[in-house]
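Student: With the input below, show me the fold.
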Amino acid sequence: MEYTVPELDTISRQLMSLERPKKAKMLVVDDEPDNLDLLYRTFRRDFQVLKAESGVRALEVLASEGEVAVIISDQRMPEMKGTEFLSRTVPQFPDTMRIILTGFTDVEDLVEAINSGQVYKYITKPWDPNELKAVVQRAAETYELLKQRTEELRRSQAQTALLSTIVGVAQESAGLDACLEPLAMAFGKNFQADGAILQLVEGNALVAAQGRFSPSGAIDNWLDKDPLVQEALASQKMQVAVNVPVDSTLSGVEHYTASGVQAHLVIPVTYRGESLAVLSLQWKQPCTLREDELMLLHLSAQQVALALTCTRYYRPVA
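Tutor: Numbering: from 1, shown residues only. Now for the predicted structure:
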């Protein structure tokens, strides 16, 4: 089975069609209500702005809301200085960009905070809205770049682990049936699926041998009834439903309704034109996958085909 670039592009567009740009989160912290409201009004069009009137309250907001792209904090506040508050956010949110607002010359505090990486920039009061907007925009761009690089590293490590698992299973499995579950688990974890099934095929029909994985620990197998699986076996091409509830061909299919699956990706595993297995990845929310992930699936399916072929004809010596 080989995919042309246009075919992968088409599948990629389907899988990415549900993505919507979201406003980045920002936290503004100031003990003066007027300043807090002004900061909120300045950035609410471009960010999802969270507010806190003290460092203590800001830590509570972060605990409930999670990571934000940018924090803007006043320096002189009761209970806790801005630099002290920002330093407490570093261990849990190292990528967040931190900006301090100060009307005083707290040189020692600021220099220490900047040198230790706790503060991205400091702005003196009274601040100019245009200047602050420009600083925040650069900070948000820096944050996105850091997150992108972190994600690329994570993705690279996950891809390496997946391919390594496939090779390891081929070398160590005692038989064909024994290799199915660890392979299903590897794919399910790598693509953060709610369910993964790898089921053997003979004569273009599913057979009983299968491996299943689900983080919840239970997953039903209805692949023999699924139209996507039937089409994948007939065409030997990847099949995808990115949003089952609005898909006219699948919305009324009973097993989708019963299982709560809202996105389904079916990859036929073939070797020299023979279908060996199908891999089913299932999500309980509309699915988005990048083009590089599709390429990884295509490459990994080829590796699985080799692993199944080798395991079929070779048994390790006890």
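Student: domain ranges for the protein?
Tutor: The chain breaks down into these domains under automatic domain parsing: 24-147, 173-313.
Student: got those domains as a markdown table, with distance to R155 and mean neighbour count columns?
Tutor: Bear in mind the C-beta positions are built from the backbone N, C-alpha and C, glycine included. Formatted as a markdown table, the entries for the domains of the chain read as follows, by distance: least, CB to CB, whole Å; neighbours: other CB atoms under 10 Å:
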| stretch | distance to R155 | mean neighbour count |
| --- | --- | --- |
| domain 24-147 | 12 | 17 |
| domain 173-313 | 7 | 18 |
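Student: can you redo the ones you listed as CSV with mean pLDDT?
Tutor: Rendered in CSV, the data for these read as follows (pLDDT from 0 to 100):
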stretch, mean pLDDT
domain 24-147, 89
domain 173-313, 88
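Student: Save those domains as JSON lines, and put in distance to R154 too.
Tutor: JSON lines is the format used below for these (distance: least, CB to CB, whole Å):
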{"stretch": "domain 24-147", "distance to R154": "10"}
{"stretch": "domain 173-313", "distance to R154": "11"}
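Student: among those, which is nearest S156?
Tutor: Judged by CB to CB, the one of the domains of the chain that comes nearest to S156 is domain 173-313, at 10.0 Å.
Student: show me where the stretch 201-318 of the chain has helices.
Tutor: When secondary structure is read from DSSP state H, counting those that start in this stretch, the stretch 201-318 of the chain shows helices at 227-235, 254-259, 291-313.
Student: Nearest the middle, which residue of this structure would you pick?
Tutor: When the chain is reduced to its mean C-alpha position, the closest residue under CA atoms, centre = their mean turns out to be Q192, at 7.6 Å.
Student: how close does that residue get to A158?
Tutor: For Q192, the distance to A158 equals 10 Å [CB to CB, to the nearest Å].
Student: Could you do T83 as well?
Tutor: Remark: distance between T83 and A158 (CB to CB) = 37 Å.
Student: again, but for L276
Tutor: When distance is defined by CB to CB, L276 is 24 Å away from A158.
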